[in-house]
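K.L.:
got a sequence here, can you model it:
(2 chains)
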Number of protein chains: 2
Amino acid sequence: MALTLKTVIEGIEPVSQEWRLKVRDYLNNLAIPQGSLGELLTLAEQLAAIKRTLKPSVKRKIVVTMAGDHGVVEEGVSAFPREVTSQMVANFASGGAAINVLSEAAGARVIVVDMGVAADLNEMVSNGKVLSYKVDYGTRNMTEGPAMSREQARKALEAGIDIAGKLVQEGADLLATGDMGIGNTTSSSAILAALSGRPVGEVTGRGTGISNEALENKIRVIQKALDVNRPDASDPVDVLAKVGGFEIGGIAGLILGAAYHQVPVMVDGFISSAGALLAKHLAPDSVQYMIAAHRSQEYGHGFMLEKLGLKPLLNLNLCLGEGTGAALAINVVEAAAQVIGKMLTFEDAGVSRNL
Amino acid sequence: MALTLKTVIEGIEPVSQEWRLKVRDYLNNLAIPQGSLGELLTLAEQLAAIKRTLKPSVKRKIVVTMAGDHGVVEEGVSAFPREVTSQMVANFASGGAAINVLSEAAGARVIVVDMGVAADLNEMVSNGKVLSYKVDYGTRNMTEGPAMSREQARKALEAGIDIAGKLVQEGADLLATGDMGIGNTTSSSAILAALSGRPVGEVTGRGTGISNEALENKIRVIQKALDVNRPDASDPVDVLAKVGGFEIGGIAGLILGAAYHQVPVMVDGFISSAGALLAKHLAPDSVQYMIAAHRSQEYGHGFMLEKLGLKPLLNLNLCLGEGTGAALAINVVEAAAQVIGKMLTFEDAGVSRNL
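P.N.:
Numbers count the residues shown, from 1 in each chain, chains lettered A, B, ... in the order given. This next block holds a predicted model:
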């Protein structure tokens, strides 16, 4: 039976502190100057403590790329037309997109989910290239009222939870988030502004590369959406419903599901982080299962990561989405797992300790 | 017949500008918002232009870890005793060190070279676990005179050149540098101070983790070595001879050899960057073949990278050496090669361009 949002939120446990200390002790005995593997050690500690083992496996890695359309695109917020969402989903399905190439390079599987694309993807769904959890054919224009109903917001979150549950049951060791949706930096900035109270101008960037003039318009559009809808910062489902997107709800749900099942989850860039922020507001302990893959070029992502309290692994000026930053960082996570799982201690290696 | 240093320095060509432009054009047609894959695109351009193909391969990756001892260790500059150099070489040979684990995770081969360890490694050499290019049993104490003779400095450089040549002949697509040598941050800081003219205190850090007091001593020791030897900044071989190390000379030679054979070479952390700086001073165009793997935690590395004019791929607070940062960044380089080699263009993917 499918898990409800309520069950998952109530069931997320903090990562075992006892295991954290046990793992830290073990890492301090590896035959290296203490701390000299930097963030790899932090990551190894997190992985091992989540999985409650000194030999954490992250072999079976899955990038879940959630796609959805945004009614707000009719306000001219993006450099690309709305059709690009479904065209890119077709590109993912045929294997020629960046997320396919980078996931293959990382040894990860990609699952593409139709959370709410404004087109029928029947053929891709029936031949198994796209998983359908379609909530609707795109959100409504959030400058004229809520982007979706509260019921749709819950449905999007529970879709992500359901997907996480199924993938964990199939043996996934590590999940990673990704997104596709023309207009979804607009929605993500709106979520960030709503949850943080920060002025819209300070959390809004150029997305796929809009002009100065278009950026000013984008900021106005987000402000209008917030003014019209007055999302309640203390109610993340309300924020998602009023200014969110179906794929962002799916990402938040996937993260909550991963945390519930005690599986680490890599958070891609700006849009995925908006989903992560919703997840954190719904269940604060979920953040302990998150790994921030990279810091995006998108203006506002640094602040978003601060709000999440996460330090990104990579900073390569990416701003593509799809899950590409997560795919690229997967090998760093795997390396951290190998460091704890395979390296020798001072004693085992017969190496003298420091003076 | 072995290549001489002179032949290699004179034979290093700049990377083809014509190919750079050709590659850039091609990358601008990939089905992504322009520039949205950030540094991956810069890297893809470098790889493709070096290899003069739109499908650069970096399949056969080799990390060359050069080991050597330093007479200056008797001045109390390190937190670890000198024996640790040979103990760690044994750890590399048995496969339990960080460099083994991280290289395996990256699908790279590790070659360990005895450039000048102060111990006999006969068994490891005869069973093929360690390659011997031993110049001497450790350098001399550089506070009392040159660390090595000019002839030894040339020999160390030509050893690296020879190794690069053999590996390229065997089909290596990508080389990476690494180091092991107790005391070698002291030598690397001295090289940086000598070549840049920057005060010793501004280019010297804690290496494997020394106390404040030991750091003050380390700075005094380096200053003394510079005062006693007066290395000539316009003569990199003189700098290497007076305050360098055998493994640092080997690293510089490996980089020069890679550039001569037009093969990209990843530069690990602080010690490898000291080798890279010598290579740059010997042959300025060699820097076009270098990829800075990461920014080390070691104080002074940021300035060293600036002097090299390189932007590091990772910044994970590593400071272990061995080639670990290079091994960890190899997958990013591979990902960049795949991006150009496998992604579809807007036309091929049937995706609309921006408005």
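K.L.:
close to chain B: what parts of the stretch 151-300 of chain A are there?
P.N.:
For the stretch 151-300 of chain A, the contact set with chain B under CB under 8 Å from any CB of the partner chain comprises A:207, A:208, A:209, A:297. All C-beta atoms are positioned from the backbone trio N, CA, C, and that covers glycine.
K.L.:
how many residues are close by the closest residue to the first one other than its chain neighbours?
P.N.:
Once flanking residues are discounted, residue A:207 sits nearest to residue A:185: 3.8 Å by CB to CB, 6 or more residues apart in numbering or on different chains. A count of nearby residues for residue A:185, using other CB atoms under 10 Å in any protein chain shown, gives 32.
K.L.:
how about the one 4 residues further on?
P.N.:
The number of residues packed around residue A:189, counting by other CB under 10 Å, is 32.
K.L.:
return the backbone torsion pair for the residue nearest to residue A:207.
P.N.:
Residue A:185 adopts backbone torsions of phi -70, psi -30, taken as degrees, to the nearest 10.
K.L.:
could you list the low-pLDDT ranges of the stretch 51-200 of chain A?
P.N.:
Judged against pLDDT under 70, the stretch 51-200 of chain A has no low-scoring part.
K.L.:
which residues in it form helices?
P.N.:
A:84-94, A:98-106, A:122-126, A:150-169, A:184-196 (DSSP state H, counting those that start in this stretch).
K.L.:
coming back round to it: against residue A:222, how distant is the residue nearest to residue A:207?
P.N.:
From residue A:185 across to residue A:222, the span is 10 Å (CB to CB, to the nearest Å).
K.L.:
got any residues that touch both of these two?
P.N.:
Counting by CB atoms under 8 Å, 6 or more residues apart in numbering or on different chains, the common neighbours of residue A:185 and residue A:222 are residue A:204.
K.L.:
highest neighbour count among the residues of the stretch 151-300 of chain A next to chain B?
P.N.:
Using other CB under 10 Å as the neighbour criterion, residue A:207 leads those with 28 neighbours.
K.L.:
please identify the helix or strand for that residue.
P.N.:
Assigned by DSSP states H and E, residue A:207 belongs to neither a helix nor a strand.
K.L.:
do residue A:251 as well
P.N.:
Assigned by DSSP H and E, residue A:251 falls in helix A:246-260.
K.L.:
now swap in residue A:273 and tell me
P.N.:
helix A:270-282.
K.L.:
and that helix, what does it pack onto?
P.N.:
In terms of contacts (3 or more CB pairs under 8 Å, 6 or more residues apart in numbering or on different chains; DSSP states H and E), helix A:270-282 is packed against strand A:174-180, helix A:184-196, helix A:236-243, helix A:246-260, strand A:265-267, strand A:290-292, helix A:301-308.
K.L.:
okay, the angle between that helix and helix A:236-243?
P.N.:
Here the directions of helix A:270-282 and helix A:236-243 differ by 140 degrees (axes from the mean of the first three to the mean of the last three CA atoms, to 10 degrees).
K.L.:
got the CA positions of helix A:270-282 in PDB?
P.N.:
Extracted in PDB, the C-alpha atoms of helix A:270-282 (Å, rounded to 0.1, in the frame of the first residue of the first chain):
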ATOM      1  CA  PHE A 270      18.700  25.100  -8.000                       C
ATOM      2  CA  ILE A 271      15.400  23.400  -8.800                       C
ATOM      3  CA  SER A 272      16.300  20.200  -6.900                       C
ATOM      4  CA  SER A 273      17.300  22.400  -4.000                       C
ATOM      5  CA  ALA A 274      13.900  24.100  -4.000                       C
ATOM      6  CA  GLY A 275      12.400  20.600  -3.700                       C
ATOM      7  CA  ALA A 276      15.000  19.800  -0.900                       C
ATOM      8  CA  LEU A 277      14.000  23.000   0.900                       C
ATOM      9  CA  LEU A 278      10.300  21.900   0.800                       C
ATOM     10  CA  ALA A 279      11.400  18.500   2.200                       C
ATOM     11  CA  LYS A 280      13.400  20.100   4.900                       C
ATOM     12  CA  HIS A 281      10.500  22.300   6.000                       C
ATOM     13  CA  LEU A 282       8.200  19.300   6.000                       C
END
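K.L.:
now that helix: mean pLDDT?
P.N.:
Here helix A:270-282 scores 98 as its mean pLDDT.
K.L.:
what lies in contact with stretch A:348-355?
P.N.:
Residues contacting stretch A:348-355 (CB under 8 Å, 6+ apart): A:31, A:33, A:346, B:79-81, B:83-84, B:87-88, B:90-91, B:94, B:96-97, B:208-209.
K.L.:
buried subset of those residues as a PyMOL selection?
P.N.:
Listed next is the PyMOL selection for buried residues among these, using 16 or more other CB atoms under 10 Å in any protein chain shown:
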select buried, (chain A and resi 31+33+346) or (chain B and resi 79+80+84+87+88+90+91+96+97+208+209)
